[in-house]
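S.K.: Model the following, please.
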Amino acid sequence: MRFATRIVDAPAVGRAPLPGWRRAGQAMGPWRRLGDRGSAFEDREVHDPLPPRRAEEQGAHGRHRLERGRGGACRQPEPAPCRRSRWWLWCCGLWLGLLLAAAAPVQAAPAPAATPVVALERVAGGLSLHGRVALLADPGGQLSLADIRRMGPSAWSWPVGELRAGGATAWWLRIAVEQTAPGGPWLLALPSTALRDVRVYGPFDADGRAIAAPWASGLIRPYASRPLGLERLVVPLDLPATGRHWVYLRVQSSIAQKMTPTLWHAADLQLVRQHQRLLDGAVYGFMLAFLLASLALWWYFRDPALTWFAVMLATALLSLTSFNGHAAHYLWPNHPWWIEHSYVLFPALWLGACAGFARHFLRTHQRFAAADAVPRGLLALALISLGLGLAGWTTWAQHLNELVAVAGSLALALIAAVLWRRGNESARWYLLSSLVPFVTVLALLLVNWGMLESQWVHDYSLEVGVLAQSVVLAIALGTRVGQVQRQNLALLSHSERLARSAATDALTGLVNRRGLAEISAGILQRPGTHALLLFDLDRFKPINDTLGHAAGDQVLQVLGRRLTQHSRERDVAARLGGDEFVLLIDQCPTRPELDAVIGRLRNELEAPIVLGAHTVQVSASVGVAIAPTDGSELDVLLRAADWAMYAAKSRRQGVHFVADDLRSASLRDPVAPPPGVSAAG
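M.R.: Numbering: from 1, shown residues only. Okay, here's the model as predicted:
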């Protein structure tokens with residue numbers, strides 16, 4: 001059964017006088033008859049019954065049952081499986097009840113004794129025409145205006161509640177207005193921006209003459225077809241004189257939408273529109289800022305959750321602009337296909353992005369594999385809805401979007417609750433972020449289904465919910481980014497420790513050959529003169545042989561400390577292995593000063609070392625290579641210093657400079673040893 005057909009079948013319900021409505025002739029008594037020119041609306045107020053108190057009585061019965069349920073054995077704690085079963089039953093029952101309530105026929109009031117007439121009077125906030133609009137269903141959409149005007153009063157109904165369009169049925173609205181004095185300009189504003197086809201005929205005067213030419217607008221037509229350039233469809237009432245006039249509207253919508261008109265004075269509607277634009281601009285600005293921030297974070301971290309969050313924000317922003325009519329106004333005003341289908345396509349993409357974000361934010365594929373099928377299934381349903389919308393099945397796509405929005409939110413919230421109990425901190429943020437949007441989306445669906453009447457909920461609830469969700473998720477992602485940064489810092493610190501360990505000699509604490517290669521690359525590229533001193537210990541082997549390797553290790557540790565203590569901070573002391581040490585001097589002094597430095601270092605290395613009851617002493621042969629004279633790379637300098645060190649050993653000089661008798665060309669050839677030094681060393 002289509003939703004639109006349900007409106008026609010609705011029972012008569014009594015109605016109280018509408019707030020803000022002034023009875024004509026009220027100064028002379030509340031029930032004074034107006035005569036032929038007066039409105040019959042006052043007569044209907046006298047004869048109609050008072051509004052029933054059925055809802056209050058049902059509420060009282062419900063409270064009575066609730067109080068009974070709170071006492072006795074029901075207060076005893078139940079086993080965990082029983083509580084979980086009850087929870088699932090409550091959730092399923094709530095969802096089933098909503099569907100049944102939405103599908104229940106809501107009957108219209110019978111035709112009144114006289115046609116209600118809308119007096120053109122200025123009311124702050126606009127005058128909603130509930131109960132003052134005659135309604136007629138055209139299931140085939142084949143009736144013309146002439147057919148409609150020939151129908152008698154019995155063919156029309158006057159629904160008391162909200163008028164809604166949905167499905168293939170076309171709805172004819174007839175509104176009688178009366179202008180008692182010149183005023184205006186007056187406007188009839190339809191509440192929704194998503195009505196597919198709207199045709200306006202009239203106004204007609206008492207003689208049946210049309211005052212204005214008919215016109216048509218809606219989603220299937222370019223945006224320029226909308227009068228006054230407003231996002232919502234507005235019918236101008238340009239009445240040339242006083243008297244009673246009739247306006248006919250033909251409305252058809254593929255998706256369930258409200259269509260009860262509201263009477264506005266043009267100045268009041270413009271003021272309300274300015275306030276709404278201010279709120280819309282603030283929401284769009286915040287969401288755009290969140291989108292740009294999430295893209296920047298994604299560019300830096302490349303986290304899949306940030307990717308889905310950015311997609312979710314982008315599709316939510318497009319959905320809101322479509323719902324508010326701004327997408328049709330500014331993005332594709334001349335493309336009716338996009339204007340019509342954007343109402344279901346972008347929400348489908350938005351729901352799919354929400355499911356993908358929930359999966360990666362909660363990490364269900366890692367932490368809750370049994371429930372990982374839920375977000376993937378929701379994503380698949382969203383894609384199916386997208387396909388239905390692209391194929392033109394907008395009604396089915398809308399129903400599937402509503403199902404995914406409500407049932408999917410509940411399912412993901414339950415998964416987040418389970419993960420939160422397991423200690424997942426991200427699940428707490430997700431629960432908090434999904435609470436407000438779920439409530440606002442549910443409230444909006446209740447308005448669309450006719451179970452709740454609130455223009456504020458219809459206009460602003462979705463924006464408030466999306467903005468609240470974006471703020472909470474932005475805070476959650478910021479917290480997550482902070483955690484990732486702390487983890488990255490910890491990993492960086494650990495890697496630096498590993499790198500230092502890999503570049504450090506474990507015995508002496510000096511840098512090893514690898515560390516020397518890394519550090520020397522920066523030093524040797526600097527301009528200036530640098531010196532590489534290669535120390536080879538003499539008389540060290542007897543210490544190992546007589547006192548053991550432990551004593552030899554102690555000697556090497558002492559010599560490493562002495563070499564570090566008597567060198568500058570910018571110089572690099574290293575142990576290449578065995579009994580060979582290196583000192584790389586950055587910006588070395590002149591030759592005489594360098595000779596003094598080397599002599600001081602040799603004296604420190606040759607000083608006696610006390611090992612318990614033993615005192616040992618070693619000496620060192622030193623080979624010196626100068627950069628860039630003897631080479632500009634570490635390997636070349638080490639080879640040159642090694643030749644010089646062997647020359648010092650063979651000549652028993654203690655210290656030998658490469659520049660004394662070696663040329664760089666011969667040193668670069670490892671096959672040709674320097675004069676006086678054999679290839680074997």
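S.K.: tell me the mean pLDDT for stretch 655-668?
M.R.: Stretch 655-668 shows a mean pLDDT of 64.
S.K.: Kindly apply the preceding question to stretch 534-546 instead.
M.R.: Stretch 534-546 comes out at a mean pLDDT of 89.
S.K.: can you tell me the distance between the two ends of that stretch?
M.R.: 26 Å (CA to CA, to the nearest Å).
S.K.: I would like the residues contacting it, please.
M.R.: Stretch 534-546 has contacts (CB atoms under 8 Å, 6 or more residues apart in numbering) with 551-552, 555, 559, 563, 579-583, 601, 605, 616-625, 638, 641-642, 644-645, 649. The way it works is simple: take the backbone N, C-alpha and C, and place the C-beta from them, glycine included.
S.K.: Now find how far off-centre that stretch is within its chain.
M.R.: 68 Å (CA atoms, centre = their mean, to the nearest Å).
S.K.: buried residues in that stretch?
M.R.: Leu534, Phe535, Asp536, Leu537, Phe540, Ile543 (16 or more other CB atoms under 10 Å).
S.K.: In helices, which of the residues you listed fall?
M.R.: Here DSSP state H is the test, and the buried residues of stretch 534-546 give Ile543 as lying in helices.
S.K.: For Ala119, give me phi and psi.
M.R.: The phi and psi values for Ala119, taken as degrees, to the nearest 10, are phi -80, psi 130.
S.K.: That one and Ala181 touch, don't they?
M.R.: No: assessed by CB atoms under 8 Å, Ala119 is found out of contact with Ala181, at 10.2 Å.
S.K.: residue contacts, Leu318?
M.R.: Contacts of Leu318 (CB under 8 Å, 6+ apart): Ala327, Ser342, Phe346, Leu349, Trp350.
S.K.: Which of these fall in helices?
M.R.: Short answer: the contacts of Leu318 in helices (DSSP H) are Ser342, Phe346, Leu349, Trp350.
S.K.: Quick check: the farthest pair among these?
M.R.: Greatest spatial distance among the ones in helices among the contacts of Leu318 (CB to CB): Ser342 and Trp350, at 11.4 Å.
S.K.: And the strands in the stretch 101-250 of the chain, which stretches?
M.R.: Taking DSSP state E, counting those that start in this stretch to define them, one finds strands in the stretch 101-250 of the chain at 118-119, 127-128, 134-138, 164-165, 170-179, 186-189, 197-204, 215-217, 234-237, 243-252.
S.K.: quick one, the fifth one and strand 243-252 angle?
M.R.: What that stands for is strand 170-179. 160 degrees (axes from the mean of the first three to the mean of the last three CA atoms, to 10 degrees).
S.K.: Give me the helices and strands touching the helix or strand where Asn603 lies, please.
M.R.: Using DSSP states H and E, Asn603 sits within helix 591-606. The contact analysis (3 or more CB pairs under 8 Å, 6 or more residues apart in numbering; DSSP states H and E) places helix 591-606 against strand 530-538, helix 549-565, strand 580-585, strand 619-627, strand 655-657.
S.K.: and that helix, how far out from the chain's middle?
M.R.: 67 Å.
S.K.: Could I get the CA-only coordinates of that helix as CSV?
M.R.: Below are the C-alpha coordinates for helix 591-606, written out as CSV (Å, rounded to 0.1, in the frame of the first residue of the first chain):
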residue,chain,number,x,y,z
ARG,A,591,100.7,20.6,11.6
PRO,A,592,102.6,21.8,14.7
GLU,A,593,99.4,21.9,16.7
LEU,A,594,98.3,18.5,15.3
ASP,A,595,101.7,17.0,16.3
ALA,A,596,101.2,18.3,19.9
VAL,A,597,97.7,16.8,20.0
ILE,A,598,98.9,13.4,18.8
GLY,A,599,101.7,13.4,21.3
ARG,A,600,99.3,14.2,24.2
LEU,A,601,97.0,11.4,23.1
ARG,A,602,99.9,8.9,22.8
ASN,A,603,101.0,9.8,26.3
GLU,A,604,97.5,9.2,27.7
LEU,A,605,97.2,5.9,26.0
GLU,A,606,100.6,4.7,27.1
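S.K.: what's Thr615 in contact with, if anything?
M.R.: Pro608, Ile609.
S.K.: For my notes, confirm Val610 occurs in a helix.
M.R.: No: checked against DSSP: H, G, I helix; E, B strand; the rest coil, Val610 lies outside a helix; its state is strand.
S.K.: ok, it to Met312 distance?
M.R.: 73 Å (CB to CB, to the nearest Å).
S.K.: between those two, who's got more neighbours?
M.R.: Met312 (26 against 10; other CB atoms under 10 Å).
S.K.: close enough to count as contact, Leu173 and Tyr248?
M.R.: Yes: counting by CB under 8 Å, Leu173 touches Tyr248, with 7.1 Å between them.
S.K.: Look at the most centrally placed residue in the chain and tell me its secondary structure.
M.R.: Nearest to the mean C-alpha position of the chain, counting by CA atoms, centre = their mean, stands Phe309 at 3.5 Å. Secondary structure for Phe309, judged by three-state DSSP, is helix.
S.K.: Enumerate every residue touching it.
M.R.: Ser294, Phe357, Phe361, Leu473, Leu477.
S.K.: tell me the secondary structure for Ala417?
M.R.: Relying on three-state DSSP, one would call Ala417 helix.
S.K.: which residue sits closest to it in space, ignoring its chain neighbours?
M.R.: The shortest distance from Ala417 to any non-neighbouring residue, by CB to CB, 6 or more residues apart in numbering, is to Leu431 (6.4 Å).
S.K.: Name the helix or strand for the one you found, please.
M.R.: helix 425-449.
S.K.: The next helix or strand after that helix - contacts with which helices or strands?
M.R.: Sequence-wise, the next helix or strand downstream of helix 425-449 (DSSP H and E) is helix 455-502. Contacts defined by 3+ CB pairs under 8 Å, 6+ apart place helix 455-502 against helix 266-301, helix 304-323, helix 425-449.
S.K.: and the spatially closest residue to Asp579 that is not a sequence neighbour, bridged to which residues?
M.R.: Distances taken as CB to CB, 6+ apart place Leu537 nearest to Asp579, at 3.9 Å, with adjacent residues excluded. Beta-bridge pairing for Leu537 (DSSP bridges): Ala620.
S.K.: Isn't Val484 up against Phe301?
M.R.: Yes: look at Val484 against Phe301 with CB under 8 Å: they come within range, at 6.4 Å.
S.K.: Put together CSV for the ones in helices among the contacts of Leu318, with pLDDT on each row.
M.R.: Shown next, in CSV, are the ones in helices among the contacts of Leu318 (pLDDT from 0 to 100):
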residue, pLDDT
Ser342, 93
Phe346, 95
Leu349, 96
Trp350, 93
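S.K.: Between Leu173 and Tyr248, which is the more surrounded one?
M.R.: Under the criterion of other CB under 10 Å, the comparison of Leu173 against Tyr248 puts Leu173 first, with 24 against 21.
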